[in-house]
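>>> how would this look folded up:
(one chain, ligands or ions: 1)
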Amino acid sequence: MASNKKLLMLPGDGIGPEVMGEVRRVVDWMDKRRAVSFDVEERLVGGAAIDAEGGPVSDSTMEKALAADAVLLGAVGGPKWDEVPFELKPERGLLRLRKDLELFANLRPALCFDALVEASTLKPEVVSGLDIVIVRELTGGVYFGEPRGIETLPDGTRRGINTQVYTTPEIHRVARVAFELARKRNNRVCSVEKCNVMESGVLWREEVTKLHADEFADVELSHMLADNCAMQLVRAPKQFDVIVTDNLFGDMLSDAAAMATGSLGMLPSASLGATDATGRIPALYEPVHGSAPDIAGQGKANPLATLLSFAMMLRYSFDLGDDADLIEQAVQDVLAAGNRTGDIAAPGAAPGAATVSTEQMGGALLAALDRRAA
Ligand code: NAD
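Numbering: from 1, shown residues only. Okay, here's the model as predicted:
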């Protein structure tokens with residue numbers, strides 16, 4: 001039996017606890033059927049932590065996160081906390097986790113499952129077979145840069161400030177993740193910025209180019225402006241293999257890529273830090289989607305993005321590639337069998353066409369796992 005792995009679960013807000021519940025069932029299944037055991041702890045984050053603990057992530061939860069082998073997060077936020085002060089907002093909990101764990105590289109695969117080609121808003125020939133990864137810089141750039149704030153000017157009007165800032169090491173370490181990932185895939189990296197209008201973009205392009213020449217000349221490198229990349233992602237997304245970009249552009253481009261694959265409800269992500277002295281890589285796994293307050297508590301959420309995030313965790317943090325494959329194949333199976341939550345129901349489906357609940361989707365996945373593991 002493999003030694004127990006320390007997994008911290010942070011369900012969060014809205015649909016977070018609903019989708020995380022389905023991961024719990026798979027964790028139990030793995031314990032029974034695969035002899036893979038996790039020491040699972042669960043803590044609050046986001047709005048739930050604000051309500052119960054007075055802040056979006058407590059120091060004791062941070063300690064648990066720092067000691068865990070991997071963290072799995074549902075989602076944070078919702079209208080209930082719209083009025084709380086900025087520093088206490090649910091999203092600050094997520095930003096602190098990313099910052100304190102130094103998770104500088106966010107991997108967002110955009111994969112179009114065969115059975116979901118029709119669920120995409122794009123034409124089948126545009127998305128069929130799509131398999132790309134966006135590597136987003138996660139701890140720098142305009143979301144963290146100083147100075148920042150809102151100030152009142154002498155004439156009584158106000159000014160909001162955020163600063164886009166990147167350094168050579170920040171650019172190199174995230175580009176290195178992208179080049180290494182590309183080597184295991186189709187060996188192509190497209191680096192994305194706005195060097196036509198931003199000095200930070202000029203630096204980004206120059207530093208990626210230098211790193212490429214010094215260490216990764218075997219990988220094909222191209223550059224693209226972020227606005228063009230947004231267009232290309234909906235025009236011809238299959239031209240890409242690995243895209244590497246900054247925090248702000250990565251945030252938006254990965255959501256654009258999401259639509260190519262059918263739904264935010266299908267998209268997993270991994271955020272990785274630097275290898276420490278013991279060889280451990282801090283890692284946080286989470287679906288790309290948010291807390292979906294419009295459907296929270298109704299059993300309508302698609303749990304597959306979170307389950308696929310768990311599969312990424314098995315692969316990247318625990319070296320359990322076979323188990324990750326098993327879950328991904330089971331996802332293919334449940335989709336091929338026609339199981340659909342509302343978000344991935346085919347556009348134009350007959351009114352009232354049956355959709356499954358969060359729990360039914362989880363149940364179908366367990367049944368598929370049983371069949372695959374038989
Ligand atoms: P969202 O991702 O929560 O929802 C966007 C749309 O997609 C909604 O219509 C929602 O119902 C649908 N959707 C999302 N996930 C789904 C799923 N698993 N199954 C079925 N449908 C799904 O984005 P939003 O509405 O812009 O934000 C809602 C809240 O979530 C806000 O408070 C926002 O700040 C927060 N948020 C959190 C994260 C995070 O925790 N990582 C990410 C994005 C947004």
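>>> which residues of the stretch 51-200 of the chain fall in helices?
Listed in chain order, the helices of the stretch 51-200 of the chain (DSSP state H, counting those that start in this stretch) span 59-67, 90-100, 124-127, 168-183, 199-215.
>>> Neighbours of residue 137, how many?
Here the count is done by other Cβ atoms under 10 Å, and residue 137 has 26 residues near it. Bear in mind the C-beta positions are built from the backbone N, C-alpha and C, glycine included.
>>> Ok, residue 118 next?
15.
>>> do the one 4 residues further on as well
Under the neighbour criterion other Cβ under 10 Å, residue 122 is assigned a count of 20.
>>> That one - nearest residue in space that isn't next to it in sequence?
residue 260 (5.6 Å; Cβ to Cβ, 6 or more residues apart in numbering).
>>> Over to residue 16?
Leaving aside its sequence neighbours, residue 16 sits nearest to residue 74 (Cβ to Cβ, 6+ apart; 2.5 Å).
>>> Show the contacting residues for the residue nearest to residue 122.
By Cβ atoms under 8 Å, 6 or more residues apart in numbering, the contact set of residue 260 is 110, 112, 120, 122, 126-127, 130, 233-234, 237.
>>> what's the lowest-pLDDT member of the residues you listed?
In terms of pLDDT, the lowest of the contacts of residue 260 is residue 120, showing 82.
>>> What's the separation between it and residue 197?
Between residue 120 and residue 197 the computed distance is 31 Å (Cβ to Cβ, to the nearest Å).
>>> what's the answer for residue 322, then?
Distance, residue 322 to residue 197, by Cβ to Cβ: 47 Å.
>>> Also residue 170?
As judged by Cβ to Cβ, residue 170 and residue 197 stand 20 Å apart.
>>> Tell me the pLDDT of the residue most central in space within the chain.
A centroid search over the chain (Cα atoms, centre = their mean) returns residue 269, at 2.6 Å, as the residue closest to the centre. With respect to pLDDT, residue 269 has a value of 94.
>>> cool, residue 346 as well?
Note for residue 346: predicted pLDDT of 66.
>>> related to what we said a few turns ago, which strand residues bridge the residue nearest to the centre of the chain?
residue 286 (DSSP bridges).
>>> residue contacts, it?
Here residue 269 is in contact with 106-109, 254, 285-288, 309, 312 (criterion: Cβ under 8 Å, 6+ apart).
>>> follow-up on the earlier one: please indicate which of the contacts of residue 260 are buried?
With burial judged by 16 or more other Cβ atoms under 10 Å, the buried subset of those is 110, 112, 120, 122, 126-127, 130, 233, 237.
>>> got the residues of the stretch 51-200 of the chain near the ligand?
Taking Cβ under 6 Å from any ligand atom as the criterion, the stretch 51-200 of the chain approaches the ligand at residues 75-78, 91, 94.
>>> just checking, residue 239 touches residue 232?
Yes - using Cβ atoms under 8 Å, residue 239 makes contact with residue 232 at a distance of 6.5 Å.
>>> So the two - more neighbours on which side?
Legend: neighbour count by other Cβ under 10 Å for residue 239 and residue 232, higher for residue 232 (18 against 13).
>>> Now do the same contact list for the more buried one.
224, 239-240.
>>> again, but for residue 373
When the contact criterion is Cβ under 8 Å, 6+ apart, the partners of residue 373 are 33-34, 326.
>>> Which of those residues are buried? Put it as a ChimeraX command.
Those of the contacts of residue 373 that count as buried under 16+ other Cβ under 10 Å are selected in ChimeraX with:
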select :34,326
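>>> So which of the contacts of residue 373 belong to helices?
The helices, defined by DSSP state H, take in 33, 326 from these.
>>> Pick out whichever of the contacts of residue 373 sits closest to the ligand.
Relative to the ligand, the closest of those is residue 326; by Cβ to the nearest ligand atom it sits at 21.6 Å.
>>> Leaving out chain neighbours, which residue sits closest to that closest one?
Per Cβ to Cβ, 6+ apart, closest to residue 326 is residue 372, 5.7 Å.
>>> Help me confirm that the one you found is found in a helix?
Yes - under DSSP: H, G, I helix; E, B strand; the rest coil, residue 372 falls within a helix.
>>> close enough to count as contact, it and residue 328?
No - using Cβ under 8 Å, residue 372 makes no contact with residue 328, being 10.5 Å away.
>>> Which of these two has more residues huddled nearby?
Taking neighbours as other Cβ under 10 Å, residue 372 and residue 328 compare with residue 328 leading, 19 against 13.
>>> give the contact list for the more buried one.
For residue 328, the contact set (Cβ under 8 Å, 6+ apart) comprises 308, 311.
>>> Quick one: classify it as helix, strand or coil.
Under three-state DSSP, the three-state class of residue 328 is helix.
>>> gap between it and the ligand?
17 Å (Cβ to the nearest ligand atom, to the nearest Å).
>>> again, but for residue 4
For residue 4, the distance to the ligand - Cβ to the nearest ligand atom - is 27 Å.
>>> now do residue 18
For residue 18, the distance to the ligand equals 9 Å [Cβ to the nearest ligand atom].
>>> Wasn't that residue part of a helix?
Yes - assessed by three-state DSSP, residue 18 belongs to a helix.
>>> Domain map for the protein?
1-104+273-374, 108-271 (automatic domain parsing).
>>> quick revisit: ok, residue 170 and residue 197, which is more surrounded?
residue 170 (20 against 10).
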